[in-house]
Structures are given as C-alpha cells and as structure tokens.
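Visitor: Just need the structure, nothing else, for what follows:
(2 chains)
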Amino acid sequence: KQEVTQIPAALSVPEGENLVLNCSFTDSAIYNLQWFRQDPGKGLTSLLLIQSSQREQTSGRLNASLDKSSGRSTLYIAASQPGDSATYLCAVMDGNNRLAFGKGNQVVVIP
Amino acid sequence: DVKVTQSSRYLVKRTGEKVFLECVQDMDHENMFWYRQDPGLGLRLIYFSYDVKMKEKGDIPEGYSVSREKKERFSLILESASTNQTSMYLCASSLWFGISARHPGAKNIQYFGAGTRLSVL
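Guide: Numbering: from 1, shown residues only, chains lettered A, B, ... in the order given. Have a look, this model is predicted:
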C-alpha cells in the first residue's frame, strides 16, 4: 500500500525566506503527483500537478520537483509571504485514479 | 472555473439518524470521490465513483454508502450515524485517467469542495 510522508509536520519561517517542503512515497509506480494547499476549515486547492514522466512544474513563485525513482518530491515557495501560511498536502495518484495523501506540512510565515 | 459544491458547510445530527451529504460538480467529470479528514489521520478515501451507478470502496467504507444516479451528483449516506463519524467530509471530482492519457493537455487534477463539518451527538 502506498505511503506518503511529509516532513516536517509544521514549520515557521520569516517573511521573505524561501520555503522548502518535502514529500516522500514508498511505491514509485505512480501516475502523477499533486500538491495542494488547505486553509483552516476549508477544502483543498490544487497548486501543481506533475505527471510521472516530468521532472518539475512551475507556477509563479511555486516550483515542484519529482524524482520518481527515489520516491521524492519537493515544493519550493520563493520569497514567502504571510498569505502563504496554510497546510500543504502532497498526494500521489495510482493507475486507478486514486490519490494517497500525506498528512501535510503546516506552514506559518511570520511577518 | 471548476466548481464542486457540497450542500452543507456544517451539520449537527444525532446518533442513529440517517445522514445524506450531497456533492455536485459542474465540469462533466467522470470521477467523484468522498474523503474524510481527521486530525492526525489526514485524508482517507471512503468511496469513489468513475461513472454513473458505479462505485468502488475506498480505505474506510464501513458505515457508509454512496449513490450516483447522475453524472454530476455524488451522495454519501451514513445509514445510522455514530459519534465516531464526527469529521470533516470532503468531496472531489476529476477527469477519468483514460481521457487524460488520450488528451495530453488535460490533467486529472482533483478538484475539491469546501467541505462539510459533521458533528454527531
């Protein structure tokens, strides 16, 4: 069974610093990897999707990399802002359209 | 923009009641999903559906059932609510795997609703 781990569970950074969030997964037979953002009490918002054949995806200040062979993905957020404070979730999709989620990185950006 | 709408943001029910959670999506997606989210346990898949009247059990289907009579609507049913079903329930939808494979520009991103916080007393 696929297991997805996100470390650290929580972190705080000063505004302006770059954020680095790590995700690891146990089974490399994935179809894609998705990063989501969740604000307290709300649903999930998709940030980036990386197909299994890709190495990275970028959107604005966000960049996500994928190393399928080692079972790792990293989400970089450049020049963090207080509005980036949220929980970030990593999820991997199998060939049956099912996502396995990590438990998230809870981020606080300190003004 | 894709919209996934859950019928209620907050619900309070009593033990033993039958509870219906409704979810509607407007993007003609084949796949629809129900998750529950609990502190320390993360998101867990309850059921999903890849077509009308089709359903598959997820990781924690016990105590739940689902209904998909129309493509845009996916309902989660708690036959007899119990206190251990107090949770945040999230619905999601996505394109089917096969379609995105035939159309490389399409992505089967999962789009989520705002969630329903259910309390069972």
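Visitor: what about chain B, any weak spots by pLDDT?
Guide: The model of chain B has pLDDT under 70 over residues B:1-2, B:97-107.
Visitor: for chain A, what are the nearby residues on it?
Guide: Contact residues (C-beta under 8 Å from any C-beta of the partner chain) of chain B with chain A: B:4, B:31, B:33, B:40-43, B:45, B:48, B:50, B:56, B:58, B:88, B:90, B:92, B:94, B:96-97, B:107-115, B:117. All C-beta spots, glycine's among them, are computed from the backbone N, C-alpha and C.
Visitor: so residue B:12 makes contact with residue B:121?
Guide: Yes: with contact defined as C-beta atoms under 8 Å, residue B:12 reaches residue B:121; the gap is 6.6 Å.
Visitor: What's opposite the nearest residue to residue A:72 once chain neighbours are set aside in the beta bridge?
Guide: Residue nearest to residue A:72 in three dimensions, not counting chain neighbours: residue A:24, with 5.2 Å by C-beta to C-beta, 6 or more residues apart in numbering or on different chains. Residue A:24 has these beta-bridge partners by DSSP bridges: residue A:5, residue A:72.
Visitor: Please pick the buried ones from the residues of chain B next to chain A.
Guide: The neighbour count (16 or more other C-beta atoms under 10 Å in any protein chain shown) marks B:4, B:31, B:33, B:42-43, B:45, B:48, B:50, B:58, B:88, B:90, B:92, B:94, B:96-97, B:108-115, B:117 as buried among these.
Visitor: quick one: contacts for the residue nearest to residue A:72?
Guide: Applying C-beta atoms under 8 Å, 6 or more residues apart in numbering or on different chains, we find residue A:24 in contact with A:4, A:5, A:6, A:7, A:71, A:72, A:73.
Visitor: Quick check: buried residues in the host helix or strand of residue B:65?
Guide: Assigned by DSSP states H and E, residue B:65 belongs to strand B:64-70. Within strand B:64-70, the residues that count as buried by 16+ other C-beta under 10 Å are B:64, B:66, B:67, B:68.
Visitor: residues touching the second one, list them.
Guide: Spelled out, that is residue B:66. Going by C-beta under 8 Å, 6+ apart, residue B:66 touches B:34, B:46, B:47, B:49, B:55, B:74, B:75, B:76, B:77.
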